[in-house]
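Q: Sequence first, then the predicted structure:
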Amino acid sequence: MKKAITWFLVGVILGNLLLVYANTDSPENNRGRELLTPKSSMGFEIQGPLNWSPRPVLTEIPSELVTQLQQLNPKIPEDTVHIGTLVFEKKGIMYSLFVDKDTDNVWYAQWDKNSNRLLNVGTVRFKLLENTTRRESKYVGWAFGNRVKLVETFHTEKLQATDPGILSSVYIITAWQSYEWYLENPITGEDSLTTKTVAKGKFYVDYGNRILGVDDLSYDYQVLGVIKCSFSSHTSGVGTVSAGVYADASYMFWDLLSPVATHWDAHPRVFVDAWTNVDGDSWGNKWIGGPWC
């Protein structure tokens, strides 16, 4: 009996050891592999490997650094925004990135990491990597005897920093997704734009590390006679490995002689991750309701 118990305990110990060494989900085993992390709330999947050793990024600048910048250039534009400060630990330096909102020019300030001493200031130069547009359309029903067409457009512009070379991991991606409703003219057969809802963002990316910042540039448009019931937009994910811009709108068209009105909405989104993958999504609904929002 004692012998049987002894062998049972040995088996349990060996089994646990095998389970421990067979575990492939640890960070060490996953390095160098492409891992897909689902982001259901964002509507897409992160396409790059997880970042186990992210580069430090400062979201605020110490006051002594601001003082040095103002002494060097007292005419810094009022609309200048700090995108983020990249910390290069091994080199002992930091690069603060700024954008002038009036001109969209990006410039940098180089600091000594240990002494916080300003070393250099210059302009960041970029090269265009991609400029693409995808457009899809379909007829989705009728409204007041006219055919209704839906058009979805997705656009991407991708820039990479080239000078100074140490900032080559920095990308600027402008992406937008539009959701457009058209009504067909029964006489000419041409489609006329009725409403256009656009989720648009400018994403500042530190490749493989995080989204440094997002500018929400969303907007909407409606023709005369169409009532805009609501429009709103917002961003999410800044400082993480994925970010998005969301726009939501609702509209109404009412013939004063009719007891009912045609309603429709639009919900475009655009997403960018830290590996510069870009995606877009949109949807909407159309229904008959009362002549009120």
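A: It's in.
Q: Just the local confidence number for the closest residue to residue 213 other than its chain neighbours, please.
A: Distances taken as CB to CB, 6 or more residues apart in numbering put residue 204 closest to residue 213, at 4.5 Å, once the chain neighbours are dropped. Every C-beta, even on glycine, is put in place using the N, C-alpha and C of the backbone. Listed pLDDT for residue 204 reads 97.
Q: Next, the buried residues of whatever helix or strand residue 204 lives in.
A: Using DSSP states H and E, residue 204 sits within strand 191-206. For strand 191-206, the neighbour count (16 or more other CB atoms under 10 Å) marks 191, 194-206 as buried.
Q: What are the boundaries of the helices in the stretch 151-293 of the chain?
A: Taking DSSP state H, counting those that start in this stretch as the criterion, the stretch 151-293 of the chain contains no helices.
Q: which stretches of this protein have low pLDDT?
A: Confidence mapping of the chain against pLDDT under 70 gives the ranges 1-53, 74-75, 144.
Q: by contact count, what packs against the one helix or strand residue 67 maps to?
A: For residue 67, the enclosing helix or strand under DSSP H and E is helix 63-72. Judged by 3 or more CB pairs under 8 Å, 6 or more residues apart in numbering; DSSP states H and E, the packing partners of helix 63-72 are strand 106-112, strand 118-123.
Q: Partner strands of the shortest one and their direction?
A: Put plainly, it is strand 118-123. Sheet pairing of strand 118-123 (DSSP bridges) gives strand 106-112 (antiparallel).
Q: so residue 273 sits right up against residue 241, yeah?
A: Yes: counting by CB atoms under 8 Å, residue 273 touches residue 241, with 5.9 Å between them.
Q: Quick one: the strands in the stretch 101-250 of the chain, in order.
A: 106-112, 118-123, 125-143, 146-163, 170-184, 191-206, 210-216, 219-222, 226-236, 242-253 (DSSP state E, counting those that start in this stretch).
Q: Dump these into TSV; add distance to residue 260 as well.
A: Output for the strands of the stretch 101-250 of the chain, formatted as TSV (distance: least, CB to CB, whole Å):
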stretch	distance to residue 260
strand 106-112	52
strand 118-123	58
strand 125-143	11
strand 146-163	16
strand 170-184	17
strand 191-206	17
strand 210-216	35
strand 219-222	19
strand 226-236	14
strand 242-253	10
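Q: Compare the ones you listed and give me the one nearest residue 81.
A: Ranking these by proximity to residue 81 (CB to CB) places strand 210-216 first, at 7.8 Å.
Q: and the closest one with strand 242-253, angle?
A: 20 degrees (axes from the mean of the first three to the mean of the last three CA atoms, to 10 degrees).
Q: More neighbours: residue 273 and residue 241, which one.
A: More crowded of residue 273 and residue 241, by other CB atoms under 10 Å: residue 273, with 28 against 20.
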